[in-house]
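Student: Here is my input; please provide its structure:
(one chain, ligands or ions: 1)
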Amino acid sequence: MLFHVRMDVAIPRDLDPDERTELVTTEKARALQLQREGTWVHLWRVVGQYSNISIFDVPDSTAMHNLLWSLPLFPFMTVQVTALTEHPSALSANPSP
Ligand SMILES: O=C(O)CC1=CCC(=O)O1
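Tutor: A predicted model of the protein is given here:
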């Protein structure tokens, strides 16, 4: 099941710099792991913002929820999730005759 997710990151300015570095480093490691596993299918920076647009491929909405809650930066993010389904005009839904 595919999900479109927008994450807007807001790390407090007064957070300890070492803690900030640790958070960002562990978030990156987790993101790379999930991309290698094929779960985090796309990860794009939103131009000019500390935000990303991502596509996830997970079994169901509970898995999506649990994954997001498990992210190290989750406490510092506002997350918008949109469940996706196949468009009837997509090439993938219309194999060539
Ligand atoms: O920087 C971000 O947009 C938050 C984030 C998600 C995965 C990652 O490595 O950073």
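
Student: Show me what from this structure comes close to the ligand.
Tutor: Where the chain comes near the ligand, counting by Cβ under 6 Å from any ligand atom, the residues are 7, 9, 27, 28, 31, 52, 73. Using the backbone N, CA and C atoms, a C-beta is placed for each residue, glycine as well.

Student: Derive a ChimeraX selection command for the buried subset of those.
Tutor: A single ChimeraX command selects the buried members of the residues of the chain next to the ligand (16 or more other Cβ atoms under 10 Å):
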select :7,9,27,31,52,73
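
Student: Wait, residue 50 touches residue 6, no?
Tutor: No - under the criterion of Cβ atoms under 8 Å, residue 50 is not in contact with residue 6, lying 11.9 Å apart.

Student: More neighbours: which of those two?
Tutor: residue 6 (16 against 13; other Cβ atoms under 10 Å).

Student: Can you tell me the closest non-neighbouring residue to that one?
Tutor: Spatial nearest neighbour of residue 6, chain neighbours left out: residue 80 (4.5 Å); criterion: Cβ to Cβ, 6 or more residues apart in numbering.

Student: which strands and helices sit next to the top helix by length along the chain?
Tutor: Identified as the longest helix of the chain according to DSSP state H is helix 17-36. Here helix 17-36 touches strand 40-45, going by 3 or more Cβ pairs under 8 Å, 6 or more residues apart in numbering; DSSP states H and E.
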